[in-house]
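**Q** sequence unavailable; structure follows:
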């Protein structure tokens, strides 16, 4: 891998060769591609294909990630693949702070941004998929469970933010690079500013605000699509936050806004869940604010509006909303970005829309 680098897409054969050489995988092991991501090639390796010593510590297998230089989006979106090194450092940092909330890093390639992490049990599911596709009334969508997940994530995120404020103690790769600009503020804020000129100036200001901040370690992709959860009915809730490619020293407002915006989009997509998802939103906010005062209400509102607008008119757009729903979300986003609304008011609007569609 170190010979050919990551200018192109790494093949499964190339990755397998590195893992065999590293003593992780048997020579005849198999890598099964995992679908769904736009920024990486991802493979799963079953435990049976691991060498004995590794299999004993990773009974559910392993997951391998290799970042792409050109992301899989309709509009051209390129980013430095060195973000793979940042992700490895961030996951190790989060693992020390909250060991049960992230997968364990198993191996890192010494020269290339190739990362191997423990795999979750196959019974675990992506939280976004549950919210979008699970049957209404199913245990996955029970209000108590949604609130428990929201509380867990709010507490976890607050811990990460508060306990990484000593930025000088963080690895250099997390304190440098242009991941925030290339993966967030340019394709989100500045691209959306061109599409929605009414809020363009404020979006550009919010982008600069994020880029200038040096408050703590920021995950950068704190979204339901990156949350894996165990099945309902388990003795205790299990939830992992994945995909820390955008991790950087910056503004904690990005993380709380990113999560809040995506939860709102799910509530718009499934109006029958709006009430339960609002409770989950409130549980997340309460848990975060109990442990952290780093983001005030005004900034939480405005930055959430920026992410909402970006998911409708930026480079990376949600694909599960109807044109009418997109227009609704964009209107709410403009209110928030302009400082003319609050998240509570946005969720009141979501509830009124849901009642009309009932």
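**A** Good, I have the coordinates. None of these values were measured; they are calculated from a predicted model.

**Q** now the element after the helix or strand containing residue 180, going C-ward?
**A** Assigned by DSSP states H and E, residue 180 belongs to helix 179-180. Once the chain leaves helix 179-180, the next helix or strand it forms, by DSSP H and E, is helix 191-195.

**Q** elements contacting that following helix?
**A** helix 200-212, helix 297-313 (3 or more CB pairs under 8 Å, 6 or more residues apart in numbering; DSSP states H and E). To be clear about C-beta, it is placed using only N, CA and C from the backbone, and glycine gets the same treatment.

**Q** chain center to the helix holding residue 180, what's the gap?
**A** 14 Å (CA atoms, centre = their mean, to the nearest Å).

**Q** and the residue nearest the centre of the chain, what's its pLDDT?
**A** In the chain, the residue lying closest to the centroid (CA atoms, centre = their mean) is residue 221, at 3.1 Å. We have a pLDDT of 97 for residue 221.

**Q** again, but for residue 80
**A** At residue 80, pLDDT is 84.

**Q** do the one 3 residues further on as well
**A** For residue 83, the model assigns a pLDDT of 92.

**Q** cool, residue 4 as well?
**A** pLDDT, residue 4: 38.

**Q** and what of the one 3 residues further on?
**A** As summarised for this prediction, residue 7 has a pLDDT of 50.

**Q** check the one 10 residues further on too.
**A** Looking at residue 17, its pLDDT stands at 93.

**Q** where's it relative to residue 10, distance?
**A** In this structure, residue 17 and residue 10 are 10 Å apart, going by CB to CB, to the nearest Å.

**Q** so for these two, which sits in the more crowded spot?
**A** More neighbours surround residue 10 than the other of residue 17 and residue 10, with 23 against 14 (other CB atoms under 10 Å).

**Q** partners of the residue lying closest to the more buried one once chain neighbours are set aside in the sheet?
**A** Excluding its sequence neighbours, the residue lying closest to residue 10 (CB to CB, 6 or more residues apart in numbering) is residue 66, at 4.7 Å. Going by DSSP bridges, residue 66 is paired in beta bridges with residue 41.

**Q** burial check on residue 66, number of neighbours?
**A** By other CB under 10 Å, 24 other residues sit near residue 66.

**Q** cool, and residue 211?
**A** 16.

**Q** residues contacting it?
**A** Neighbouring residues of residue 211 by CB atoms under 8 Å, 6 or more residues apart in numbering: 180, 181, 185, 250.

**Q** cool, and residue 192?
**A** 200, 203, 306, 309, 310, 312, 313, 314.

**Q** and which of those residues is nearest to residue 141?
**A** Lowest distance from residue 141 to the contacts of residue 192 (CB to CB) belongs to residue 312, with 24.5 Å.

**Q** was I right to think the closest one contacts residue 332?
**A** No. Applying CB atoms under 8 Å, one finds residue 312 not in contact with residue 332, separated by 10.0 Å.

**Q** any stretches of this protein with poor pLDDT?
**A** Applying pLDDT under 70 to the chain flags the ranges 1-9, 36.

**Q** would you map the helices across it?
**A** Along the chain, counting by DSSP state H, helices occupy 12-21, 52-57, 83-97, 127-133, 143-162, 179-180, 191-195, 200-212, 253-269, 274-291, 297-313, 323-337, 343-357.

**Q** nearest to residue 119, out of the ones you listed?
**A** Minimum separation from residue 119 across these (CB to CB) falls at helix 52-57, 11.6 Å.

**Q** for that closest one, packing partners?
**A** By 3+ CB pairs under 8 Å, 6+ apart, helix 52-57 packs against no helix or strand.

**Q** give the buried residues for that helix.
**A** 54, 55 (16 or more other CB atoms under 10 Å).

**Q** what does that helix contact?
**A** Contacts of helix 52-57 (CB under 8 Å, 6+ apart): 23, 24, 25, 47, 48, 62, 106.

**Q** if we go to 10 Å?
**A** Residues from elsewhere that reach helix 52-57 (CB atoms under 10 Å, 6 or more residues apart in numbering): 19, 22-26, 45-50, 61-62, 104, 106-107, 116, 118.

**Q** what does stretch 286-298 give?
**A** 147, 150-163, 165, 215-216, 251-257, 259-260, 285, 300, 303, 339, 342-344.

**Q** start to end distance for that stretch?
**A** 16 Å (CA to CA, to the nearest Å).

**Q** mind listing what's buried in it?
**A** 287, 288, 289, 291, 292, 294, 295.

**Q** ok, and the closest non-adjacent residue to the last one?
**A** Put plainly, it is residue 295. Residue 295's closest residue in space is residue 253 (CB to CB, 6+ apart), at 4.8 Å.
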